[in-house]
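**Q** Here is a sequence together with a model predicted from it:
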Amino acid sequence: MKTLTRLRKNDGFTLIEAMVASAILVVALLGFLEMIEVGYNTSMLHKQKTTALVLAEEKMEEIKALNPRRLDDWRGLVLTDTVYRNGVTYSRRVTYLDRAGQPAEQFITIDGSQAFYLYDVSVTVNWEYREITEQVELRTLITGR
């Protein structure tokens with residue numbers, strides 16, 4: 001009779017032990033799922049930032065390919081366009097500024113013999129991610145005669 005009682009005590013898990021083990025497992029899984037979500041969101045944001053940088057670089061290369069004399073025609077203009085890539089709408093804005101941030105040009109001379117205009121060109125790309133406006137900006141200096 002004693003051996004039968006001893007067997008029943010060591011027969012398996014109690015309901016309380018099973019519930020505690022299940023609760024620990026659920027908490028661990030929720031933490032793991034949260035980590036996956038954060039990783040996914042970070043990955044998507046970086047993918048969108050990379051796309052925005054590529055769009056800004058494309059526009060900057062278009063500007064650099066222009067004849068520098070045509071830059072005089074664009075002085076002070078703000079150019080905008082919208083691009084749709086990978087399910088996201090990106091808004092690009094191109095601005096030609098002087099070094100003080102005003103639409104204008106700077107006149108510089110090298111050794112007093114040649115005159116150049118110095119343009120501060122900015123390409124800004126905006127887009128929405130999770131109801132927050134994100135932005136990247138590229139800037140460079142371009143000379144024109």
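**A** Okay, I see it. Numbers count the residues shown, from 1 in each chain.
**Q** ranges for the helices of this structure?
**A** Here the chain has its helices, by DSSP state H, at 2-9, 15-64, 71-74.
**Q** Need the ones you listed in CSV (columns: mean neighbour count, mean pLDDT and distance to residue 135).
**A** (Glycine included, C-beta is placed from N, CA and C.) Formatted as CSV, the helices of the chain follow (neighbours: other Cβ atoms under 10 Å; pLDDT from 0 to 100; distance: least, Cβ to Cβ, whole Å):
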stretch, mean neighbour count, mean pLDDT, distance to residue 135
helix 2-9, 8, 55, 67
helix 15-64, 12, 92, 8
helix 71-74, 14, 61, 22
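**Q** out of those, nearest to residue 123?
**A** helix 15-64 (4.5 Å; Cβ to Cβ).
**Q** Are there helices or strands packed against that closest one, and which ones?
**A** Here helix 15-64 touches strand 78-85, strand 88-97, strand 114-129, strand 132-144, going by 3 or more Cβ pairs under 8 Å, 6 or more residues apart in numbering; DSSP states H and E.
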